[in-house]
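> Just a sequence and a predicted model for now, questions to come.
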Number of protein chains: 2
Amino acid sequence: MLNSKDKLISHLKETIDLTREEESIVCDSYTEIQLKKKEVLLFAGEVSNHMRFVAKGCLRAYHMDEEAKEHIVQFGIEGWWVNDLYSFLTRTPAKQFVQALEPTTVLQIHRDTLNELYEKVPAIERFYRLKFEKAYVALQDRTINSMSKSAEERYLEFLSKYRSIEQRVPQYMVASYLGITPEFLSALRKKIK
Amino acid sequence: MLNSKDKLISHLKETIDLTREEESIVCDSYTEIQLKKKEVLLFAGEVSNHMRFVAKGCLRAYHMDEEAKEHIVQFGIEGWWVNDLYSFLTRTPAKQFVQALEPTTVLQIHRDTLNELYEKVPAIERFYRLKFEKAYVALQDRTINSMSKSAEERYLEFLSKYRSIEQRVPQYMVASYLGITPEFLSALRKKIK
């Protein structure tokens, strides 16, 4: 079985080329974190100082409204990057919590280490240039484009985006991500079957 | 007076270092476009294949709703980059028009040329990595964060963001950008004075 750092390297190499020496520099730059189920990795109000790769397990990013109701913004499973990216990029307090939904392994890199890594391994700068392009597209899809989509369309997108995740997280969380009630989600699933 | 390409180089050098040789490669990669007042640079429905830097003049990016009403999303003055970035990144048809509001000079680079330039001048990859980070932050500010701001706050932000632009564009366009009526904008301006 691949260990966490092998998974990160193999993930990076889907996009960029790395020499053996560069692989080793990259591995040394990320720190492994083990989270228990329900453990919180980032609290709203803290500044997010790390980029975070999910090597194993499952996380959710959510924000809490004034009535303490939770709204899930993103799930993160193996091979995903999970963060409050706005907080990371602007060094302002996070608006989102990031919490493990299963025992989870995360590899994270501090912003200062990342800036050093850009100098040492230029291919990493390409990787993150492409990552931020994708983050821009995903943000626009989630905000502007999703307003014009029906709940059914958003549910089908969810299924294609997070393969196999439906069996892993409670249905009320899927409903929260879609912005619908659990009852409506249940009716949608019956309709689609 | 600086010519357009000197302006681009000096803009890039605010963020990255370039050797003389690299400057010359960069200059050769961008094409200069002259636009007359009211001329359209990008039509909704076309795929945007270029990144575009405003060397002189003023542009607006806007989308048209189903009732043919125009909504201004962005202005671009000297030193700004203007585009339908979503269209550029996803190669899907643009939802926005980009139009000159004054005689305007734009320097543009095709996506294929840009990909070659990343190889030839790695500092350019850094420049765009940082550009896409800022684009992400600006998009989130414009969508999620702006919903919670008053028209007065948004107007003050507009003034600090686009210095000196208020004298250059018609008031009804400023109102369109802020999502308010020209009458309400006029009342706001009196109040702030």
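Thanks, I have the structure now.
> all strands of chain A, in order?
A:31-35, A:40-42, A:50-56, A:58-64, A:70-77, A:97-100, A:104-110 (DSSP state E).
> can you give me how far the third one is from the chain middle?
This means strand A:50-56. In this view, strand A:50-56 has its centroid 8 Å away from the chain centroid, taken as C-alpha atoms, centre = their mean, to the nearest Å.
> Now tell me what touches that strand from outside.
A:4, A:7-8, A:11, A:30, A:32, A:41, A:76-83, A:88, A:98, A:103-111, A:114, A:128 (C-beta atoms under 8 Å, 6 or more residues apart in numbering or on different chains). The way it works is simple: take the backbone N, C-alpha and C, and place the C-beta from them, glycine included.
> Can you tell me which of these are buried?
Buried members of the contacts of strand A:50-56, counted by 16 or more other C-beta atoms under 10 Å in any protein chain shown: A:4, A:7-8, A:11, A:30, A:41, A:76-77, A:80-83, A:88, A:98, A:104-109, A:114, A:128.
> Near chain B, which residues of chain A are found?
Neighbours of chain B within chain A, by C-beta under 8 Å from any C-beta of the partner chain: A:85-86, A:89-90, A:118, A:122, A:125-126, A:128-129, A:132-133, A:135-137, A:139-140, A:143-144.
> Buried subset of these, written for PyMOL?
Here is the PyMOL selection string for the buried members of those, based on 16+ other C-beta under 10 Å:
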select buried, chain A and resi 85+86+89+90+118+122+125+126+128+129+132+133+135+136+137+139+140+144
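> Remind me what the lengthiest helix in chain A packs against, helices and strands.
In chain A, taking DSSP state H as the definition, the longest helix is helix A:122-142. On a contact count with 3 or more C-beta pairs under 8 Å, 6 or more residues apart in numbering or on different chains; DSSP states H and E, helix A:122-142 meets helix A:111-120, helix B:85-90, helix B:122-142.
> what about these, which gets the closest to B:Val174?
Nearest of the helices and strands packed on helix A:122-142 to B:Val174, taken as C-beta to C-beta: helix B:122-142 at 15.4 Å.
> and that closest one, what's its mean pLDDT?
Mean per-residue pLDDT for helix B:122-142: 94.
> and that helix, how far from the chain's centre?
13 Å.
> domain ranges for chain A?
Chain A breaks down by automatic domain parsing into domains covering A:4-136, A:149-193.
> Out of those, which is the most enclosed?
domain A:4-136 (a mean of 17; mean count of other C-beta atoms under 10 Å in any protein chain shown).
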